[in-house]
Structure formats: C-alpha cells, structure tokens
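> Fold the following, please.
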Amino acid sequence: MKRLFVLFILMSTLFVRLWATDGCEQKRMSEQEFRAKQQAFLTEKAELTDAEAEAFFPLYFELQDRKKELNAESWKQLHQGKGENVTEAQYEKILESVYDIRQEMNRLEKSYYEKFKKILPFRKIYLIQRAEVKFHRDLVKGMHPKGKGKPGGKSSQQP
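Presented below is the predicted three-dimensional model:
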C-alpha cells in the first residue's frame with residue numbers, strides 16, 4: 001500500500017511537471033490550454049452535464065492547485081537530502097516532513113471528495129477518477145515519438 005501511495009505521489013508530481021506537452025511534438029502549452037483539454041476530456045468521459053461541469057471544475061482545479069503546492073513542498077524537502085554532508089538526523093527530519101505532507105495530501109483529497117459528492121453522483125466521481133488516470137496516461141504516451149521504442153518496453157520494430 002505504501003508503494004502504491006508513493007507511486008501515486010510521484011506520478012502526480014510527474015504530471016504536474018510535465019504539465020503541458022501536446023502529442024508527439026512536445027510543444028508546451030499554457031496552464032489554461034492544459035486545463036481546457038483536461039476539462040473537456042473529463043467532462044466527456046464522466047458524462048457531466050453543463051451544470052455539473054460548471055459546479056465541479058472550479059473546485060477540481062482549486063484542489064489541483066493545492067496539490068501542486070504540496071508536491072512542490074515535498075520536492076523541496078527531498079532536495080535538502082542531496083548534499084554530501086547530510087546527517088541521519090537531517091534525513092529523519094526530511095522524511096518526517098515528506099510523510100507529513102503526504103498525510104496532508106490525503107486529508108486534502110478527502111475534504112474535496114466531501115465537496116464533490118455534494119455536486120456529483122458517486123458514479124460520476126468514480127468516472128472522473130478513472131478518466132484522470134487515462135488522461136495522464138495518454139499524455140505520457142503522446143510524449144514518446146512515433147516509431148521509437150519506449151524506455152523499458154518493447155521497440156515498435158519487429159525482429
């Protein structure tokens with residue numbers, strides 16, 4: 001479970017850092033363009049009505065902004081451990097801080113879930129969560145140039 005949570009945090013941070021690539025061109029897009037694409041994708045996949053989308057997305061993007069801040073703080077803490085003269089006590093303090101941030105992230109997500117369920121049926125919240133994963137997976141897939149193998153995967157060329 002801890003590994004899954006750590007993977008989730010790292011993937012969330014990766015997606016925030018990758019924030020804006022478009023297809024194979026790896027063209028940077030603005031935060032507004034990224035969010036517009038994300039909103040359109042989630043709206044379609046979760047079958048949101050216009051009224052539901054209008055009520056949901058301001059909260060959703062508020063949550064994303066707060067998660068981005070927490071991820072930045074987590075990376076800042078982890079960066080402190082890069083030095084050569086870091087003591088065990090300092091590593092302990094860094095790790096305690098990172099775990100505290102992760103717990104805060106969980107509390108934050110739970111508090112927004114409570115808000116979301118006042119706006120949307122549970123089925124649509126579920127569909128949004130699935131669509132988020134697919135959106136980010138598709139985003140990462142689009143970063144790989146066509147016709148080239150992916151790191152750690154099979155090459156598109158057959159032997």
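> from here on, contacts and neighbour counts on C-alpha atoms
OK.
> So what's the residue count around Glu73?
Neighbours of Glu73 under the rule other C-alpha atoms under 10 Å: 15.
> That one - nearest residue in space that isn't next to it in sequence?
Sequence neighbours aside, Ile101 is the residue nearest to Glu73 in space, at 7.8 Å (criterion: C-alpha to C-alpha, 6 or more residues apart in numbering).
> how close does that neighbour sit to Val86?
21 Å (C-alpha to C-alpha, to the nearest Å).
> neighbour-wise, which of those two wins?
Legend: neighbour count by other C-alpha under 10 Å for Ile101 and Val86, higher for Ile101 (18 against 11).
> Quick one, grab the pLDDT at the more buried one.
Predicted confidence (pLDDT) for Ile101: 96.
> show me the contacts for it.
Residues counted as contacts of Ile101 (C-alpha atoms under 8 Å, 6 or more residues apart in numbering) are Leu70, Glu73, Ser74.
> Give me the buried positions along stretch 59-76.
Tyr60, Leu63, Lys67, Lys68, Leu70, Asn71, Ser74 (16 or more other C-alpha atoms under 10 Å).
> Which of those residues sits closest to Glu52?
Tyr60 (11.8 Å; C-alpha to C-alpha).
> tell me the contacts of the closest one?
Per C-alpha under 8 Å, 6+ apart, neighbours of Tyr60: Tyr112.
> mind listing the helices for the protein?
2-18, 31-46, 50-79, 88-116, 122-141 (DSSP state H).
> hey, least reliable of the ones you listed by pLDDT?
When I compare the helices of the chain, helix 2-18 is least confident, with a mean of 52.
> CA atoms only: put stretch 89-107 into CSV for me.
C-alpha atoms of stretch 89-107 as CSV (Å, rounded to 0.1, in the frame of the first residue of the first chain):
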residue,chain,number,x,y,z
ALA,A,89,19.1,13.3,11.9
GLN,A,90,18.6,15.6,9.0
TYR,A,91,17.4,12.7,6.8
GLU,A,92,15.0,11.7,9.5
LYS,A,93,13.6,15.3,9.6
ILE,A,94,13.3,15.4,5.8
LEU,A,95,11.4,12.1,5.7
GLU,A,96,9.1,13.0,8.5
SER,A,97,8.3,16.2,6.7
VAL,A,98,7.6,14.4,3.4
TYR,A,99,5.3,11.9,5.2
ASP,A,100,3.5,14.7,6.9
ILE,A,101,3.0,16.4,3.5
ARG,A,102,1.6,13.1,2.1
GLN,A,103,-0.8,12.8,5.0
GLU,A,104,-1.9,16.4,4.4
MET,A,105,-2.4,15.5,0.7
ASN,A,106,-4.7,12.6,1.8
ARG,A,107,-6.7,14.9,4.1
